[in-house]
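Peer 1: Please find the sequence and the predicted model below.
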Amino acid sequence: MVKQLEIEFGAITADNVEQLRKVNAACFPVSYNDGFYKDVVARKDEGLNKFAYVNGFVVGAVCTRVEDMPSAGSSSVKSGGGDEGEVRSRLYIMTLGVLAAYRGRGIGSKMIASILEYYEQHKDDELSTVDEITLHVQTSNTDAMKFYTSRFGFVKGEMVENYYRRIDPPHCYILSKKLR
């Protein structure tokens, strides 16, 4: 078994956001626009958006946002705690990437675990409307699907055709995990 690395987490800020660009460019077949990076910095939420460091070097990052649940009749309203008629929300993992040389060492697992721990710590206050956590995974990325489903209990949902514009295959699956 490969040795687990000791990692530290750190905030994504205006001063270091270029490192996030580099991690994303190395990890993903798509590029993210300037708006993505500005939004991550503007959130100032180290609990949901963070770097993973090993010996002071950035080796990975996760970016997550809280978003309203899609409205499908009344499914986005009142399924967890909170007031009647309150719009429900979810955590959406926009990106989670670990540099290739550091994969298989527990870094991605620790990043997901830290997001889930943050949720548990804040589910009765700032995250009281959050019912699930979701992400999109390219249909050909079987390693990512196995990572999320076998290690964290995510469920593979519907396939979204032509989700990606500039990569092949362009389709993805929605993976989700109920939190309440």
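Peer 2: Happy to help now that I have it.

Peer 1: Just give me the residue right at the centre of this structure.
Peer 2: Central residue of the chain (Cα atoms, centre = their mean): residue 93, 2.2 Å from the mean position.

Peer 1: Pretty sure that one sits against residue 144.
Peer 2: No - between residue 93 and residue 144 there is no contact, the gap being 10.6 Å when judged by Cβ atoms under 8 Å. Heads up, the C-betas are built off the backbone N, CA and C, glycines and all.

Peer 1: List the buried residues of the longest strand that the chain contains.
Peer 2: What stands out as the longest strand in the chain, according to DSSP state E, is strand 57-68. Residues 58, 59, 60, 61, 62, 63, 64, 65, 66 are the ones in strand 57-68 that count as buried (16 or more other Cβ atoms under 10 Å).

Peer 1: and if you look at stretch 96-116?
Peer 2: 96-99, 102-103, 105-108, 110-112, 114-115.

Peer 1: about what we covered before: elements contacting the longest strand of the chain?
Peer 2: helix 17-27, helix 34-43, strand 49-54, strand 89-98, helix 107-122 (3 or more Cβ pairs under 8 Å, 6 or more residues apart in numbering; DSSP states H and E).

Peer 1: Which among the ones you listed is found nearest to residue 129?
Peer 2: strand 89-98 (4.6 Å; Cβ to Cβ).

Peer 1: quick revisit: between the helices and strands packed on strand 57-68, which gets nearest to residue 163?
Peer 2: Nearest to residue 163, of the helices and strands packed on strand 57-68 and by Cβ to Cβ, is strand 89-98 at 13.3 Å.

Peer 1: Dump that closest one to PDB, restricted to CA.
Peer 2: Extracted in PDB, the C-alpha atoms of strand 89-98 (Å, rounded to 0.1, in the frame of the first residue of the first chain):
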ATOM      1  CA  SER A  89     -30.300  23.500  -1.400                       C
ATOM      2  CA  ARG A  90     -27.400  21.200  -2.100                       C
ATOM      3  CA  LEU A  91     -23.700  21.300  -2.000                       C
ATOM      4  CA  TYR A  92     -22.300  21.100  -5.500                       C
ATOM      5  CA  ILE A  93     -18.700  20.000  -6.000                       C
ATOM      6  CA  MET A  94     -17.600  22.100  -9.000                       C
ATOM      7  CA  THR A  95     -14.000  20.700  -9.000                       C
ATOM      8  CA  LEU A  96     -11.900  18.300  -7.000                       C
ATOM      9  CA  GLY A  97      -8.400  17.600  -8.400                       C
ATOM     10  CA  VAL A  98      -5.200  16.100  -7.200                       C
END
